[in-house]
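Peer 1: coordinates only, sequence not included:
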């Protein structure tokens, strides 16, 4: 997914004019511009840093079963998976789920940032990038919650 996110940036970079929007105010009016090279560098660095942060948090959660909690009926299932015999089975599944979450986050961020950068070229409103980013991340979060509940409800 990291490669897909970076590929989206490079593909969009070839379509960008030499100067692209960097920031827009609450009204959607662009109030800051940058070169397309600066934009590419910013998005690549952002993607790498967000990936490191999300995977680092995933690794920290995966080190110990103590950080895993769930409310209500699922508390029993969490306790089931926290058992020392079952935690080594559950941990790689949790890590995989977090890695997929991180990957989809990267793709959503890359698409949204590039929609914003290309919006003047295609006469798109500035707020469309926010809709794309938050819409994609909302869908991703819903997917993650459903998958996490399925993971907790799974048997060995």
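Peer 2: Noted; the coordinates are in hand. Values in this document were obtained by computation on a predicted structure and should not be read as measured data. Residues are numbered from 1 along each chain as shown.
Peer 1: ok, which stretches of this protein are strands?
Peer 2: In the chain, the strands defined using DSSP state E lie at 19-24, 30-35.
Peer 1: Between these, which has the poorest mean confidence score?
Peer 2: The minimum mean pLDDT among these belongs to strand 19-24 (a mean of 81).
Peer 1: got the angle between it and strand 30-35?
Peer 2: If you take axes from the mean of the first three to the mean of the last three C-alpha atoms, to 10 degrees, strand 19-24 sits at 140 degrees to strand 30-35.
Peer 1: Just give me how far strand 19-24 sits from the chain centre.
Peer 2: Centroid displacement of strand 19-24 relative to its chain, using C-alpha atoms, centre = their mean, to the nearest Å, is 22 Å.
Peer 1: ranking the strands of the chain by burial, who's on top?
Peer 2: strand 19-24 (a mean of 17; mean count of other C-beta atoms under 10 Å). The way it works is simple: take the backbone N, C-alpha and C, and place the C-beta from them, glycine included.
Peer 1: Which other helices and strands does that strand contact?
Peer 2: Judged by 3 or more C-beta pairs under 8 Å, 6 or more residues apart in numbering; DSSP states H and E, strand 19-24 is in contact with strand 30-35, helix 36-63, helix 87-118.
Peer 1: Adjacent strands (with direction) for that strand?
Peer 2: Counting by DSSP bridges, the strands paired with strand 19-24 are strand 30-35 (antiparallel).
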